[in-house]
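> predicted model and sequence below, questions to follow.
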Amino acid sequence: MSILEYNGAAMIAMAGKDCVGIAADRRLGIQLQTVAMDFEKVFQMGPKLFVGLAGLATDVQTLRNLLKFRLGLYELREERQMSPQVFSHLLSTILYEKRFGPYFCEPIVAGLDESGKPFLSGSDLIGATVKTDDYVVSGTCTGNLHGMCETLFKPDMEPDQLFETLAQSLLASVDRDAMSGWGGVVHIITKDGVTTKELKGRQD
């Protein structure tokens, strides 16, 4: 078993029409033993910027604290909010400088840029970044997530339709993966703000 699969995770980010969504499950496990059902894996880094960290739980928390710290330094120095593109580059740099003893996380960045257009990127554990304009997935059931997203994704979805697509994709995927599940959370980011909804999933 890969160390990335030790705690389990399922995560999707998806673009809509002038909106973007990110969803993740809530399970924290030690391999097949469930430890907690309220573990946070998606973090708000700015008014319209979220990062999802799938991987080893200790590295998820370490990387989240480091990103908050570096984001704070940037905002003090530059006196402006960090854009999703710059944040994605920062995250890639942090991961790559630890490439010989990496953080065991595969992050997803989702947000709206200065012009209100969706930005999505995914990365591996040493910071090799991929940018996309439809959806990006991470975690222990990426095969299931890719299949569901390919089936349900449509371009230019409205926020409500985007939520429904993310929720159905996540719940259907984690039902077929023993390492993730136990509910979920979906964040929808629009120009007017962020809407967060919790999902109830199967408890087995």
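Perfect, thanks for sending it. Treat the numbers as computed from the prediction; the structure is a model and nothing was measured.

> going along the chain from the helix or strand bottoming out on mean pLDDT in the chain, find the next helix or strand for me.
Within the chain, no helix or strand scores below strand 33-36, which has a mean of 92 by mean pLDDT, DSSP states H and E. As assigned by DSSP states H and E, the chain's next helix or strand after strand 33-36 is strand 42-46.

> the residue nearest the centre of the chain: what secondary structure?
Geometric centre of the chain, nearest residue: residue 52, 2.7 Å, by C-alpha atoms, centre = their mean. Following DSSP: H, G, I helix; E, B strand; the rest coil, residue 52 is assigned to strand.

> my read is that residue 188 contacts residue 161, right?
No - if you go by C-beta atoms under 8 Å, residue 188 and residue 161 don't touch, sitting 10.3 Å apart. Every residue, glycine included, has its C-beta placed from N, CA and C.

> who has more neighbours out of those two?
residue 188 (21 against 15; other C-beta atoms under 10 Å).

> what about that one, which SS state?
Applying three-state DSSP: residue 188 is strand.

> and residue 171, by the same measure?
Per three-state DSSP, residue 171 ends up helix.

> who's in contact with the closest residue to it other than its chain neighbours?
Nearest non-adjacent residue to residue 171, counting by C-beta to C-beta, 6 or more residues apart in numbering: residue 201, 5.6 Å away. Taking C-beta atoms under 8 Å, 6 or more residues apart in numbering as the contact definition, residue 201 lies against 25, 171, 174-175, 181-184.

> in TSV, list these along with distance to residue 110 and pLDDT.
What follows is the contacts of residue 201, written out as TSV (distance: C-beta to C-beta, whole Å; pLDDT from 0 to 100):
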residue	distance to residue 110	pLDDT
25	16	95
171	19	94
174	19	93
175	23	92
181	21	91
182	22	92
183	20	90
184	15	94
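
> for the residues you listed, which one is nearest residue 104?
residue 25 (17.6 Å; C-beta to C-beta).

> quick check: the gap between that closest one and residue 169.
For residue 25, the distance to residue 169 equals 12 Å [C-beta to C-beta, to the nearest Å].

> which one's more surrounded, those two?
Each of residue 25 and residue 169 has its neighbours counted (other C-beta under 10 Å); residue 25 has more, 30 against 26.

> show me the contacts for the more buried one.
Residue 25 touches 8-11, 41, 139, 170, 174, 180-184, 201, counting by C-beta under 8 Å, 6+ apart.

> which one of these is nearest to residue 101?
residue 9 (20.9 Å).

> what does the lengthiest helix in the chain rub up against?
Determined from DSSP state H, the single longest helix within the chain is helix 57-78. With C-beta under 8 Å, 6+ apart as the contact definition, helix 57-78 has outside contacts at 7, 28, 39, 41, 43, 45-46, 51, 53-54, 81-82, 86-87, 90-91, 94, 103-105, 107.

> how about it: buried residues?
By neighbour count on 16 or more other C-beta atoms under 10 Å, the buried set for helix 57-78 is 57, 59-60, 63-64, 67, 70-71, 74.

> if we can go back for a sec, next one: the residue nearest to the centre of the chain from residue 33, what distance?
23 Å.
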